[in-house]
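S.K.: Please find the sequence and the predicted model below.
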Amino acid sequence: MHSYKDYWNKIIGDDTKERAMEEIVCSALEKLKMHCPDLFYRTLYDLHCVAYGPHFDEALAKLAVSKMQNTDGTNGEHWTYEQTNQLAEQHNIKHKADWYYVLNMVYSDYGAVFSGDTGTLVKIAKAYMCDPDAPSGKVLDLWVAQMRAKERQ
């Protein structure tokens with residue numbers, strides 16, 4: 001048999017065959033999830049990084065934020081994606097989906113402590129994202145690790 005790459009190169013450009021191969025690979029990944037979850041999640045992470053880099057995209061950030069249980073008793077976002085984008089522009093934040101996630105995460109975890117002090121929450125979020133000794137992708141990597149740890153409980 002040929003390698004996956006050989007098969008992919010053979011069918012590229014043929015929409016029908018590309019969709020068929022996509023179905024085969026997606027089905028195999030679901031089976032991999034059941035039998036080898038670590039490899040499944042590593043593969044999914046690698047695919048995400050090919051598409052978006054080691055950062056959240058808007059859809060994944062919104063999913064992650066929607067699952068937050070905030071210290072003020074609410075759930076989900078405190079600030080909308082549009083609101084955090086405005087703040088990102090003001091603070092020269094490049095990765096807007098990461099910023100949306102982090103700003104809402106900081107509110108979720110510390111909002112009750114800094115009740116009403118949006119300025120401090122923004123400073124904490126920016127410091128978290130601009131950590132000089134952290135690798136690019138810190139925000140996504142830590143979220144992925146946290147989700148994997150919750151799954152194992």
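M.R.: Great, that's in hand. Residues are numbered from 1 along each chain as shown.

S.K.: ok, the residue nearest to Met105 when sequence neighbours are not counted to Trp79 distance?
M.R.: Of all residues not flanking Met105 in the chain, Met68 sits nearest, at 6.7 Å (Cβ to Cβ, 6 or more residues apart in numbering). The way it works is simple: take the backbone N, C-alpha and C, and place the C-beta from them, glycine included. Computed as Cβ to Cβ, to the nearest Å, the Met68 to Trp79 distance reads 12 Å.

S.K.: Name the residues contacting each of those two.
M.R.: Asn104 (Cβ atoms under 8 Å, 6 or more residues apart in numbering).

S.K.: Any idea which residue is closest to the centre of the protein?
M.R.: Phe56 (3.6 Å; Cα atoms, centre = their mean).

S.K.: hang on, that residue in a helix?
M.R.: No: assigned with DSSP: H, G, I helix; E, B strand; the rest coil, Phe56 falls outside any helix and is coil.

S.K.: Could you find the closest non-adjacent residue to it?
M.R.: Nearest to Phe56 is Ala97, by Cβ to Cβ, 6+ apart, at 3.8 Å.

S.K.: how about the one you found, what does it touch?
M.R.: Applying Cβ under 8 Å, 6+ apart to Ala97 gives the contacts His55, Phe56, Asp57, Glu58, Leu60, Ala61, Tyr81.

S.K.: rerun at 6 Å
M.R.: Phe56, Asp57, Glu58, Ala61 (Cβ atoms under 6 Å, 6 or more residues apart in numbering).
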